[in-house]
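1. Here's my sequence, what's the structure:
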Amino acid sequence: MTMAKLPPFPSPPQTPGQKKTLWDTIIVVTPVVLTVLATILAGLSSSEMSSAQYFRSLAAQTQSKAGDQWGYFQAKKLREANNLNTLQILQGLSPQSPLDARQFTAAGDGLLDQLKTQNSDELTRLQPVIAELKRATTRPDTQTTLQYLTKGDVPAVDEQSLPDAQVADLMRAVEDRESTDELDHRAGAIDQPQIDASLAVAQKNTAAFDDATDQINLTAQHLSEILARLSDAQRSIGSSVGRAADEIGPLSSALTCARLRFDAARYARDAHFNQVEAQIYEVQVHRDGFASERHRQRSKQFFYGMLGAQAGVTIATLSLAGQRRSLLWSIAAIAGLAAISFAAYVYFFV
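-> Take a look at the predicted model:
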């Protein structure tokens, strides 16, 4: 079975022996070149639109991270307020004396003296707890903890300043609630490594503060647990050691008030670090938004260029169709005109 052969490609009429001129070659090659150019521009337009969607999605993810940090900020500010309110209530009920490590030792010794005249079983059960309290109050970390609890202040950490002035200025602009367009434009002038470096410093400051306060929290919690165990033991023993209970109770109350004061200061400081991270994420959101809009505009311009190239292909095809009176070229030209007309209708009326 023989395959049907296509008719030869039509060529412009020429006199025998006449060669194609440069102009003839340009006319024939122009539609091909414009078609290739239109294909390239269409690919670039699609690529830019994909980039615009990627940065828009990235901005949404970063906005979620900023929202998390703002949520932490608000929660910690509320905890600070709650602790201060609770502290005021407790101090209004009974004035509290400052904490001192000697108070813990004296309370333990007083309870131990009371128990020596009581049931030996209770003495055996509480003696290890009292010894644990004495050991805890003599450790250096406990001495440091009691100093901070007494002052109601948090440890000072080596907080590093943000390495980029542009990021810091834009963070203040975010806090001042400048317009979104202005923020996007300013954020677009910041390089990504600048934001990454600032975020790394902010996270490092947060981690340093957490490390400085974690041990204090653990030590204070340990002291509270020991005093709670002693208070529970006193209630189980009965009224025979009532005087010793008067020594443990005020100490537990003083420790509670000191922890409330310290935690309020800690939450206030921790909220500051969350605020800084949230503002840096907001800067990142505006930069991603600027990048998304830039890629969208580039996609639109490439698309217009592609339409221009397609129009050129159509015009060149019409020219060849008129020159050669070819049905195929005429059909191609009509298809091109129909595509351009439909695109114009969609652009202006749909």
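2. Skipping adjacent residues, who's closest to the residue nearest the centre of the chain in space?
-> For the chain, residue 65 is the residue whose C-alpha lies nearest the centre (CA atoms, centre = their mean; 3.1 Å). Nearest residue to residue 65, sequence neighbours excluded (CB to CB, 6 or more residues apart in numbering): residue 281, at 5.1 Å. Where C-beta positions appear, they are placed from N, C-alpha and C, glycine not excepted.
3. Which residues are in contact with that neighbour?
-> Residues near residue 281 by CB atoms under 8 Å, 6 or more residues apart in numbering: 62-63, 65-66, 69, 199.
4. and these, which of them are in helices?
-> Those of the contacts of residue 281 mapping onto helices are 62-63, 65-66, 69, 199, per DSSP state H.
5. between those, which is closest to residue 298?
-> residue 62 (21.6 Å; CB to CB).
6. pLDDT value on the closest one, please?
-> The model reports residue 62 with a pLDDT of 94.
7. Burial check on it, number of neighbours?
-> 21 (other CB atoms under 10 Å).
8. what about it, distance to residue 278?
-> Using CB to CB, to the nearest Å, one gets 11 Å for the distance from residue 62 to residue 278.
9. chain center to whatever helix or strand residue 299 lives in: distance?
-> Assessed by DSSP states H and E, residue 299 sits inside helix 242-324. Using CA atoms, centre = their mean, to the nearest Å, the mean C-alpha position of helix 242-324 is found 6 Å from that of the whole chain.
10. What residue, apart from its backbone neighbours, is nearest residue 294 spatially?
-> residue 188 (7.1 Å).
11. Now the phi/psi pair for the one you found, please.
-> Main-chain dihedrals, residue 188, degrees, to the nearest 10: phi -60, psi -20.
12. My guess is it contacts residue 283. True?
-> No. When contacts are counted by CB atoms under 8 Å, residue 188 is not listed as touching residue 283 (11.0 Å).
13. and the two most separated of the ones in helices among the contacts of residue 281?
-> Maximum distance among the ones in helices among the contacts of residue 281 (CB to CB): 14.6 Å, for 63 and 199.
14. Can you pull out the low-pLDDT segments for the stretch 101-250 of the chain?
-> Residue ranges of the stretch 101-250 of the chain with pLDDT under 70: 101, 105, 108-125, 233-247.
15. try 80
-> Residues of the stretch 101-250 of the chain meeting the criterion pLDDT under 80: 101-138, 141, 143, 152, 229-250.
16. What's the local residue count around residue 192?
-> 11.
17. do residue 222 as well
-> Residue 222: 17 neighbours (other CB under 10 Å).
18. That one contacts residue 136, doesn't it?
-> Yes. Contact criterion CB under 8 Å: residue 222 and residue 136 qualify, at 6.2 Å.
19. Fine by me, we can end here.
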